[in-house]
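Chemist: below is the sequence, then the predicted model.
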Amino acid sequence: MSEVELVHDEHGGVSVVVGGQPQSYVSLDDPEGLVFEYVQHLAAVVDALLPASAHPRVAITHVGGAGLSLPRWVHATRPGSPQVVLEPDTALTELVRRELPLPRGHRIRVRPQRGREGVAALADASADVVVVDAFADGAVPADLVTQEFFADVARVLRPGGVVLMNCPDDPGLRYLVRVAAGMREGVGPVALVALRDVLKGRRYGNAVLVASPDGVDADAITRQLRRWPFPSGVMTPGELLARAGGARPIHDGEDVPPPTAPDPGAWRAR
């Protein structure tokens, strides 16, 4: 297990720092107060494509857990939603459960499994949303960016389901477009959500890939992003495909070094 630190702030929130990298921000008093910009992007996409008015409960599988910020938000905004969290670090989960307890009445089930094997064990058509937000040593695990993995994720989706993935990259987005190519082949059309300076290639940063067999409503995501404070943008499936320039999917067994985060804290807006 990497070293884990819980850092409290003056606002009553807690940052979960793993191996020197901030992984989650949790406010027990305000689970809807998402602080990291990419988590806001994940939430905005869920609200845009599966609005609570039409989907008061959603079945969500999270690949990666840390402080369970997004599962807490889902419970707060859609009470009773069944959620599965695949988090192999049992010591981290035990610490979070003890120091940052989950709310009463939640339906969040944490399974001590790695993402690939955990997804393989899921039933067909068992999730409305699959969120991939997993890191090891500051980078996305290699077995979670391949076309074969995304094909198995697609098996888990219900009709109308959506796959979301946090995939940080360096300026130029050369790694991300290869991951997106695998999502496109394995799942369906892919859009991209990120801060505007990340989209423009000005710095390393988080980027959320959005894929669905039924297509992605980029306009709905854009409208939803206007309700959140960060200056964010959307690259439509057509724009991302054009940006990819014929990028090839990553396959199982390929050695494709992922980008790693620079100085901790400098790349996630707080």
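Modeler: It's in. Keep in mind the model is a prediction, meaning the values are calculated, not measured.
Chemist: okay, now stretch 150-170: how far is its last residue from its first?
Modeler: Chord length of stretch 150-170, first to last residue, is 22 Å (CA to CA, to the nearest Å).
Chemist: mind checking the pLDDT average for that stretch?
Modeler: Averaged over stretch 150-170, pLDDT sits at 97.
Chemist: list the buried residues in it.
Modeler: For stretch 150-170, the neighbour count (16 or more other CB atoms under 10 Å) marks 150, 153-157, 161-170 as buried. (Each C-beta comes from the backbone N, C-alpha and C, glycine too.)
Chemist: partner strands of the top strand by length along the chain, with direction?
Modeler: Taking DSSP state E as the criterion, the chain has its longest strand at strand 157-166. If you go by DSSP bridges, strand 157-166 pairs up with strand 127-132 (parallel), strand 208-211 (antiparallel).
Chemist: in a markdown table: those, plus mean pLDDT and mean neighbour count.
Modeler: Below are those laid out as a markdown table (pLDDT from 0 to 100; neighbours: other CB atoms under 10 Å):
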| stretch | mean pLDDT | mean neighbour count |
| --- | --- | --- |
| strand 127-132 | 98 | 26 |
| strand 208-211 | 98 | 28 |
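Chemist: need those strands in TSV (columns: distance to Glu239).
Modeler: Formatted as TSV, these follow (distance: least, CB to CB, whole Å):
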stretch	distance to Glu239
strand 127-132	22
strand 208-211	13
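Chemist: nearest to Arg114, of these?
Modeler: Arg114 lies closest to strand 127-132 among the strands paired with strand 157-166, at 12.1 Å (CB to CB).
Chemist: the closest one: how far from the chain's middle?
Modeler: Centre-to-centre, strand 127-132 and its host chain are 9 Å apart (CA atoms, centre = their mean, to the nearest Å).
Chemist: what's in contact with that strand?
Modeler: 42, 46, 50, 55, 58-64, 70, 84, 115, 119, 140, 144, 153, 156-158, 160-166 (CB atoms under 8 Å, 6 or more residues apart in numbering).
Chemist: that older thread, out of the buried residues of stretch 150-170, who's nearest Glu37?
Modeler: Distance to Glu37, by CB to CB, is smallest for Asn166 among those, at 10.7 Å.
Chemist: the closest one reaches Val210, doesn't it?
Modeler: No: checked against CB atoms under 8 Å, the pair Asn166 and Val210 is beyond contact range at 11.0 Å.
Chemist: which strands and helices lie in contact with the helix or strand just after the longest strand of the chain?
Modeler: The helix or strand immediately downstream of strand 157-166 is helix 174-186, counting by DSSP states H and E. Applying 3 or more CB pairs under 8 Å, 6 or more residues apart in numbering; DSSP states H and E, we find helix 174-186 packed against helix 147-156, strand 157-166, strand 190-195, strand 208-211, helix 237-244.
Chemist: let's see it at 6 Å
Modeler: Packing contacts for helix 174-186, counted by 3 or more CB pairs under 6 Å, 6 or more residues apart in numbering; DSSP states H and E, involve helix 147-156, strand 190-195, strand 208-211.
Chemist: where exactly do the strands run in the stretch 1-150 of the chain?
Modeler: Secondary structure of the stretch 1-150 of the chain (DSSP state E, counting those that start in this stretch): strands located at 4-8, 14-18, 21-26, 60-63, 83-86, 108-111, 127-132.
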